[in-house]
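1. let's see this in three dimensions:
(4 chains)
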There are 2 protein chains.
Amino acid sequence: MPDDVDKPSEDAVVAWARLVRVSQDLIAQVEGELKAAGFPPLSWYDALLELRRAGAGGLRPFQLQSEMLLAQYNISRLVHRLTVAGHIERRPSDDDRRGQVLRITESGRRLLREMWPVYRAAIAKHFSQKLSEREALQLARILAKLRKD
Amino acid sequence: MPDDVDKPSEDAVVAWARLVRVSQDLIAQVEGELKAAGFPPLSWYDALLELRRAGAGGLRPFQLQSEMLLAQYNISRLVHRLTVAGHIERRPSDDDRRGQVLRITESGRRLLREMWPVYRAAIAKHFSQKLSEREALQLARILAKLRKD
DNA sequence: TCAATATTGATGCAATTGCATTCAGATGCT
DNA sequence: AGCATCTGAATGCAATTGCATCAATATTGA
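-> Okay, here's the model as predicted:
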């Protein structure tokens, strides 16, 4: 092992700095468009999307956590808010009495449908219109390599 | 103009979703390493770095804001914390009596020096070691295209 | 078996952030 | 000059997040 494994190249540091700045700014801009349209935060959309994907079986909170890569307490609170808002329902889990099973409600599905056109337009405006198709694919490929193992 | 300018391609949506998840997770991991080493958040590092770059002239808060792409009130509070911690000093601006000029102190410079080895190692571990040099360059180039105009 | 350990999920409290507003001073317009 | 408007910065209050911890159940292993 080389003795400078912990020293990223100059170029890598530039890429890192840019990733931090640009990604945070883009996310803030897209979130801003959703908020301006009267919608809840992206995290609500993400969670509901995962639950819609999960289908009838629903998801346990800890599964949602590993999908969304949020801290446990943030999932706990997000789930609480979504439940209060009526977008998901929680039932006790059959096979683990500590746990619950979360399922999206019709209200949650409706929210996804309503948010999507606004979200999609925001992604286009702030993200995809600035890239070629080829660049989008390159970016996706590189980000996949960066994903937590 | 095509009538679907607001509809990103499938691939673009995948790239977007990955950008949101991966960048937020990476940043959290790197921040976590800094915190674990007893250091303040990345925003402190970023601000101090900008101020060190700015040199003897210092920066006005609104300049720092446009560099860091943070909300005005967040800059105001970050500046306050950095001042209390002794890492920067604020002087009234000569040419605009509403404003201040911020300059990094020796304590701030020391913090940058101390944080860098830890920060650098975290960037290596979570970011640059997962990419080739070529990929880091590609990423930097693509992110530059996404930057706010 | 049953004690030690690990996992699931919630929560009190402190710190941070978002939002709206405020204040002071600069700038523009007539 | 005088008034309207804009810009730079701070802040009260509410919402969110982070941290530490807790309670309940599951799992492991001697």
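2. mind checking how far A:H87 is from A:L112?
-> From A:H87 across to A:L112, the span is 9 Å (Cβ to Cβ, to the nearest Å). From N, CA and C alone the C-beta is placed, and that goes for glycine too.
3. and A:V101, by the same measure?
-> Counting by Cβ to Cβ, the separation of A:V101 from A:L112 is 19 Å.
4. quick one: what helix or strand has A:L51 in it?
-> Assessed by DSSP states H and E, A:L51 sits inside helix A:42-54.
5. which strands or helices does that helix pack on?
-> For helix A:42-54, the elements it packs on are helix A:10-36, helix A:61-68, helix A:72-84, strand A:88-92, strand A:100-104, helix A:106-126, judged by 3 or more Cβ pairs under 8 Å, 6 or more residues apart in numbering or on different chains; DSSP states H and E.
6. want to try CSV for these, with distance to chain B, mean neighbour count and mean pLDDT as columns?
-> Output for these, formatted as CSV (distance: least, Cβ to the nearest Cβ, whole Å; neighbours: other Cβ atoms under 10 Å in any protein chain shown; pLDDT from 0 to 100):
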stretch, distance to chain B, mean neighbour count, mean pLDDT
helix A:10-36, 4, 18, 96
helix A:61-68, 8, 17, 97
helix A:72-84, 11, 15, 98
strand A:88-92, 20, 16, 97
strand A:100-104, 18, 20, 98
helix A:106-126, 4, 17, 97
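7. contacts only, for the closest residue to A:Q24 other than its chain neighbours.
-> Among residues not flanking A:Q24 along the chain, B:L69 sits closest, at 7.1 Å (Cβ to Cβ, 6 or more residues apart in numbering or on different chains). When contacts are counted by Cβ atoms under 8 Å, 6 or more residues apart in numbering or on different chains, B:L69 is found next to A:R21, A:Q24, A:D25, A:A28, B:K148.
8. ramachandran angles for B:L69?
-> phi 60, psi 40 (degrees, to the nearest 10).
9. same question for A:L59.
-> Torsion angles at A:L59 (phi, psi; degrees, to the nearest 10) stand at phi -140, psi 150.
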